[in-house]
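[1] Here's a sequence, model it:
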Amino acid sequence: MQVRAGVFALLVGAAEPSIALAAQTIRGQLVDSISRTPLPGAFLTLVDSSGTERARAITDIAGQFILIAPEPGSYRLRSKRIGFRPYFSAALALRSGETTTYNAVIDPIPIALREVVVAGERQCDVEAGASVAALWEEVREALAAVAWTSRSPAYWYQISHFTREVDAGGQRRRADSTWVETGFQQVPFRSAPVADLVARGYVVQERDGTWTYHAPDADVLLSDPFLRTHCFETKSGRGETAGLVGLAFTPARGRRLPDVAGTLWLDQQTSELHHLDYNYTRLPQQVDEPRAGGRVAFMRVPTGAWIVRDWVIRMPLAKLVRTSSADPVPIVFGFVEEGGSALEIKTQNGTVIYRAEMR
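    Have a look, this model is predicted:
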């Protein structure tokens with residue numbers, strides 16, 4: 001059995017409001033209601049009178065934003081930043097070709113996630129249970145910021161990639177293959193369309209016998225098809241995840257294709273998204289290997305931008321072994337691992353906003 005890596009979203013940056021003002025525009029600033037300091041990295045949406053989302057933006061380092069409505073009309077502004085209460089403005093009348101200024105103060109959330117009840121039943125409606133819904137509110141906004149800002153090449157990245165092969169015990173079988181990418185760029189990897197994942201699964205056997213592994217990116221995790229095909233529950237962190245609370249997901253009952261199960265971990269104190277652990281379920285040819293999966297580590301940089309700091313995807317290598325009393329069965333003899341790290345990130349004017357520590 002051969003494997004090859006699937007693709008998924010890895011790096012994100014914050015959009016800077018350098019849009020040429022046109023049409024019906026709303027611009028303004030969000031500040032903390034207590035400290036009166038700007039709120040960078042807050043995710044905003046503009047919704048029309050029917051509640052349909054019509055535009056998105058992320059506040060810059062000064063807490064400022066620009067949103068452009070597709071047509072004149074009545075709109076409301078929604079905003080959510082991790083650690084702050086959701087904000088929903090009064091109706092705003094946007095006239096053709098005019099710019100409206102709107103500033104808002106946002107209230108910090110007084111209760112940290114450590115006080116959220118994290119023991120509950122498995123919910124197949126992510127908003128059905130109080131604990132699950134509370135964690136999903138924070139996760140959703142972080143992932144939405146990741147998905148949105150990843151489309152803007154506003155930052156210069158230096159990215160280190162690697163491919164390695166290890167045996168069943170995790171020992172490297174040969175030297176890693178490594179390479180570095182640099183430059184202003186958008187997401188270097190992206191998952192398959194969610195419709196394909198629902199129809200074909202997250203591990204697909206190709207005509208040439210290779211397997212393509214797909215990991216869930218932010219767009220996939222936020223999608224209605226993903227929410228419909230997975231169930232959720234809350235978890236308390238232990239061991240290496242001590243101090244974190246988790247929103248775990250598993251395939252819904254009746255799902256027969258290769259899929260993913262995992263946990264999105266958040267910091268109890270700050271409510272910020274920390275990392276995603278996931279593993280593959282129902283691998284082709286009845287391969288049983290719980291270590292097949294990966295991790296994506298998130299990080300907010302000082303400008304308010306989000307990056308995926310480190311990532312890895314682990315794909316099993318298996319061979320058929322004949323036994324005396326049964327048909328040949330697949331045995332995992334190793335793994336191919338692919339991943340990488342953000343080494344350095346700069347703004348368009350050359351200011352370093354992130355540099356990895358030397359290891």
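[2] From here on, just use CA atoms for contacts and neighbour counts.
    Will do.
[3] got any ranges where this structure has weak pLDDT?
    Scanning the chain for pLDDT under 70 picks out 1-22, 82, 110-121, 128-129, 149-153, 185-189, 303-305, 324-325, 358-359.
[4] Show me the helices in it, by range?
    With helices called from DSSP state H, the chain shows them at 130-149, 194-200, 218-222, 224-228.
[5] okay, the third one in CSV with CA atoms only?
    Same thing as helix 218-222. The C-alpha trace of helix 218-222 is given here as CSV (Å, rounded to 0.1, in the frame of the first residue of the first chain):
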residue,chain,number,x,y,z
ALA,A,218,-10.8,25.7,8.8
ASP,A,219,-13.3,26.0,5.9
VAL,A,220,-14.1,22.3,6.2
LEU,A,221,-14.5,22.4,10.0
LEU,A,222,-16.9,25.4,9.7
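[6] In stretch 174-184, which residues are buried?
    Within stretch 174-184, the residues scored as buried using 16 or more other Cα atoms under 10 Å are residue 184.
[7] same check, this time on stretch 198-205
    Per 16+ other Cα under 10 Å, stretch 198-205 contains these buried residues: 198, 201-205.
[8] residues making contact with stretch 343-355?
    For stretch 343-355, the surrounding residues in contact (Cα atoms under 8 Å, 6 or more residues apart in numbering) are 154-160, 301-303, 342, 356.
[9] Surely residue 328 is in contact with residue 322?
    Yes - between residue 328 and residue 322 a contact is recorded at 4.0 Å, counting by Cα atoms under 8 Å.
[10] if we can go back for a sec, give me the subset of the contacts of stretch 343-355 lying in strands.
    156-160, 342 (DSSP state E).
[11] Just the closest of those to residue 47, please.
    residue 156 (31.9 Å; Cα to Cα).
[12] Relative to residue 94, how far out is that closest one?
    35 Å (Cα to Cα, to the nearest Å).
[13] Look at residue 326 and say how many residues are nearby.
    8 (other Cα atoms under 10 Å).
[14] Quote the end-to-end distance of stretch 232-247.
    One end of stretch 232-247 sits 7 Å from the other (Cα to Cα).
[15] Quick check: buried residues in that stretch?
    Neighbour counts over stretch 232-247 (16+ other Cα under 10 Å) mark 232-237, 243-247 as buried.
[16] same deal with stretch 284-297?
    Neighbour-count burial for stretch 284-297, counted by 16+ other Cα under 10 Å, picks out 287-289, 292-297.
[17] Same list, those residues, but as a markdown table with distance to residue 84 please.
    Shown next, in a markdown table, are these (distance: Cα to Cα, whole Å):
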| residue | distance to residue 84 |
| --- | --- |
| 287 | 44 |
| 288 | 42 |
| 289 | 40 |
| 292 | 36 |
| 293 | 32 |
| 294 | 30 |
| 295 | 27 |
| 296 | 24 |
| 297 | 22 |
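[18] Pick the one among these closest to residue 85.
    Looking across the buried residues of stretch 284-297 and measuring by Cα to Cα, the closest to residue 85 is residue 297, at 24.5 Å.
[19] ok, so what distance separates the closest one from residue 250?
    For residue 297, the distance to residue 250 equals 20 Å [Cα to Cα].
[20] Identify the residue nearest the geometric centre of this protein.
    residue 218 (3.5 Å; Cα atoms, centre = their mean).
[21] Skipping adjacent residues, who's closest to residue 45 in space?
    residue 56 (4.5 Å; Cα to Cα, 6 or more residues apart in numbering).
[22] tell me the contacts of that neighbour?
    Counting by Cα under 8 Å, 6+ apart, residue 56 touches 43-46, 67, 148.
[23] Let me know the closest of those to residue 312.
    Of all the contacts of residue 56, residue 312 sits closest to residue 148, with 22.0 Å by Cα to Cα.
[24] what's the neighbour count on the closest one?
    By other Cα under 10 Å, 20 other residues sit near residue 148.
[25] for residue 335, same thing?
    A total of 25 residues lie near residue 335 under the criterion other Cα under 10 Å.
[26] How much space separates the nearest residue to residue 223 once chain neighbours are set aside from residue 317?
    When the adjacent residues along the chain are set aside, residue 223 lies closest to residue 194, with 7.5 Å between them (Cα to Cα, 6+ apart). Using Cα to Cα, we find residue 194 at a distance of 26 Å from residue 317.
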